[in-house]
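A.B. asks: got a sequence here, can you build the structure:
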Amino acid sequence: MSLIGEILPLSHIVLDLEVSSKKRLFEEAAQLLENEAELPNANVFDCLFAREKLGSTGLGQGVAIPHGRHACVKKATGAFIRTKEPVAFDAPDGKPVSLIFILLVPENATGEHLEVLSKLAGRFSQKVVREALMAATSAEEVRTLLTEE
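C.D. replies: Numbers count the residues shown, from 1 in each chain. Here you go, the predicted model:
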């Protein structure tokens, strides 16, 4: 199984989430990861928000990869959210985002963190993958698109 496949269970994939801001998106992501990965909601939110203050995790082309390291995270975990309407994200191209992959790793997982970010950036850099993610109708379809090598 691919590295992304190992950290992205189907239960961590949400399609067409209705949120109006980056803050609401992080709140929803924190709730999802609290319920599904048993991570404390406030810690997830604070971790994502603190990283975002350092600079936008928006990549451009409608994609963002909010990420962070935290002591409460025992093993790397991911979540994919596609928003119903694009959300302002301060991406380099100025465009709002709809495709969001949230990545949380243990505090000392530098190598794994960078490897996952690199693989995700590679997948998201492909226009055909972005278009397929926007058209996907199931969590299974999304997971396949993100984990193909």
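A.B. asks: beta partners of the residue most central in space within the chain?
C.D. replies: In the chain, the C-alpha nearest the mean C-alpha coordinate belongs to residue 101, at 1.6 Å (C-alpha atoms, centre = their mean). When assigned by DSSP bridges, residue 101 has beta-bridge partners residue 80.
A.B. asks: which residues touch it?
C.D. replies: Residue 101 sits next to 63-65, 78-81, 120, 124, 146 when contact means C-beta atoms under 8 Å, 6 or more residues apart in numbering. C-beta here means a position set from N, CA and C on the backbone, and glycine is covered the same way.
A.B. asks: what segments of this structure are strands?
C.D. replies: 13-17, 58-60, 63-64, 67-70, 77-87, 97-106 (DSSP state E).
A.B. asks: next, count neighbours for residue 6.
C.D. replies: 14 (other C-beta atoms under 10 Å).
A.B. asks: leaving out chain neighbours, which residue sits closest to it?
C.D. replies: residue 76 (7.8 Å; C-beta to C-beta, 6 or more residues apart in numbering).
A.B. asks: distance of that neighbour from residue 61?
C.D. replies: 24 Å (C-beta to C-beta, to the nearest Å).
A.B. asks: cool, and residue 126?
C.D. replies: Taking C-beta to C-beta, one finds residue 126 at 10 Å from residue 61.
A.B. asks: quick one: which of those two has more around it?
C.D. replies: Here residue 126 and residue 61 are set side by side on neighbour count (other C-beta under 10 Å), and the busier one is residue 61, at 16 against 12.
A.B. asks: now the more buried one, nearest residue through space, not along the chain?
C.D. replies: residue 130 (6.2 Å).
A.B. asks: equivalent analysis for residue 109, please.
C.D. replies: Residue 109's closest residue in space is residue 76 (C-beta to C-beta, 6+ apart), at 6.2 Å.
A.B. asks: alright, I will stop here.
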